[in-house]
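Participant: how would this look folded up:
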Amino acid sequence: MENHNNVTEFIFMGLWKNRHIELLLFFFFLLCYLAVLMGNCIILLTITCSHLIEQPMYYFLCHLSLMDVTYTSTVVPRLIRDLAAARKNISYGECMTQLFTLHLLAGVEIFILVCMALDRYVAIVKPLHYMVIMNQKRCHMLIALAWLLGFWHSIALLLMVLSLPFCGPNLINHYFCDVKPLLKLVCQDTHVVSILVIANSGMVVVAIFLFLVASYILILYNLRTRSSAGRRKALSTCSSHIMVVVLCFVPCIYIYVLPAGSENKDKEVSVFYTVIAPMLNPLIYTLRNTEMKLAMRKVWSRFSHSELQ
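Facilitator: As a prediction, the model looks like this:
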């Protein structure tokens, strides 16, 4: 690789070039990251320390929260550091590691959202067979499949980027290493590679988004036969899932469907799925879920009681 790659490090241009705005953003993103950690850790603690872990929906939610924490941790701590630093540099190896890890965890999260949609579909359309279809073994298999598909997606992107020549320009117009801003620094024609990226990321995201939309339309259609109380409970759960899907997929579709050369707001839009969505997910899933709120109270009171003793 040394014979066609002269770049040993990349330098991020960051979100804004204004130093005063960057200092304000430093505190904003620090608070956001703390909120992501606190919110998702509360969900993880509540589910794992209560009976909710036995239910497929909360089992998948537990894994989703874990992905939010790890996924955000691959981007935001470095972003916070760079906002306070004079030079926003990253080595070639670290950049490739961040690219791989980011797409691996994002891929796993996307497939977990598919698992959650499948779980709600079975619960509403086939309620009598729910515990048989969504048994513990099948839930474990679905999570393992999500990791396998996420790995396949990220390793394909990484191998593609590793084969590209970087001969000189090393300024990345972004705040993390992603495939599209890296393509702009490649010293060869990237037309074919851009198409492969759109096929690997863009079309896959669009296909999964359409699948999720179709599944929730089927769920809502099948709710007609339920009682009004059953409809309200199912709608509350499904509306939370739909909100998370929209927050995650709409920015991803905008970024990965458009070609790399086009002038767009990639780095600004990517803030939504790297910071805002992981921060809002715990609020969406807890504030609209009575079962989660009750479990949180029980776990909190159990911890308080044990501390008093």
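Participant: what sits against Cys32?
Facilitator: For Cys32, the contacting residues are Val76, Val275, Ile276, Met279, by Cβ atoms under 8 Å, 6 or more residues apart in numbering. The way it works is simple: take the backbone N, C-alpha and C, and place the C-beta from them, glycine included.
Participant: show me the residue sitting in the middle of this protein in space.
Facilitator: Centroid check for the chain by Cα atoms, centre = their mean gives Ala106 as the closest residue, at 4.4 Å.
Participant: which helix or strand contains the residue lying closest to Val125 once chain neighbours are set aside?
Facilitator: Leaving out its chain neighbours, the residue that sits closest to Val125 by Cβ to Cβ, 6 or more residues apart in numbering is Asn222, at 5.0 Å. Asn222 is part of helix 203-222 when elements are defined by DSSP states H and E.
Participant: what is the mean pLDDT for that helix?
Facilitator: Averaged across helix 203-222, pLDDT comes to 87.
Participant: also stretch 236-248?
Facilitator: Throughout stretch 236-248, pLDDT has a mean value of 82.
Participant: buried sites along that stretch?
Facilitator: Thr237, Cys238, Ser240, His241, Ile242, Met243, Val244, Val245, Leu247, Cys248 (16 or more other Cβ atoms under 10 Å).
Participant: what's the closest non-adjacent residue to the fourth one?
Facilitator: Across the structure, with Cβ to Cβ, 6+ apart as the measure, the residue nearest His241 apart from its sequence neighbours is Met116 (5.9 Å).
Participant: which ones are touching that neighbour?
Facilitator: By Cβ under 8 Å, 6+ apart, the neighbours of Met116 are Met57, Phe60, Leu61, Leu64, His241.
Participant: next step: the residues you listed restricted to helices.
Facilitator: Counting by DSSP state H, the contacts of Met116 place Met57, Phe60, Leu61, Leu64, His241 in helices.
Participant: would you map the helices across the stretch 151-300 of the chain?
Facilitator: 179-183, 191-197, 203-222, 228-257, 266-271, 277-287, 290-308 (DSSP state H, counting those that start in this stretch).
Participant: distance to Glu9 added to the ones you listed, as CSV?
Facilitator: Formatted as CSV, those follow (distance: least, Cβ to Cβ, whole Å):
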stretch, distance to Glu9
helix 179-183, 13
helix 191-197, 22
helix 203-222, 30
helix 228-257, 24
helix 266-271, 19
helix 277-287, 28
helix 290-308, 44
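Participant: nearest to Val7, out of these?
Facilitator: Nearest to Val7 among those is helix 179-183; the distance by Cβ to Cβ comes to 10.1 Å.
Participant: buried sites along the helix ranked longest in the chain?
Facilitator: Under DSSP H, the helix in the chain containing the largest number of residues is helix 92-125. Buried residues in helix 92-125, counted by 16+ other Cβ under 10 Å: 92, 95-96, 98-125.
Participant: now do that helix and helix 203-222, the angle between them.
Facilitator: For helix 92-125 against helix 203-222, the angle by axes from the mean of the first three to the mean of the last three Cα atoms, to 10 degrees is 20 degrees.
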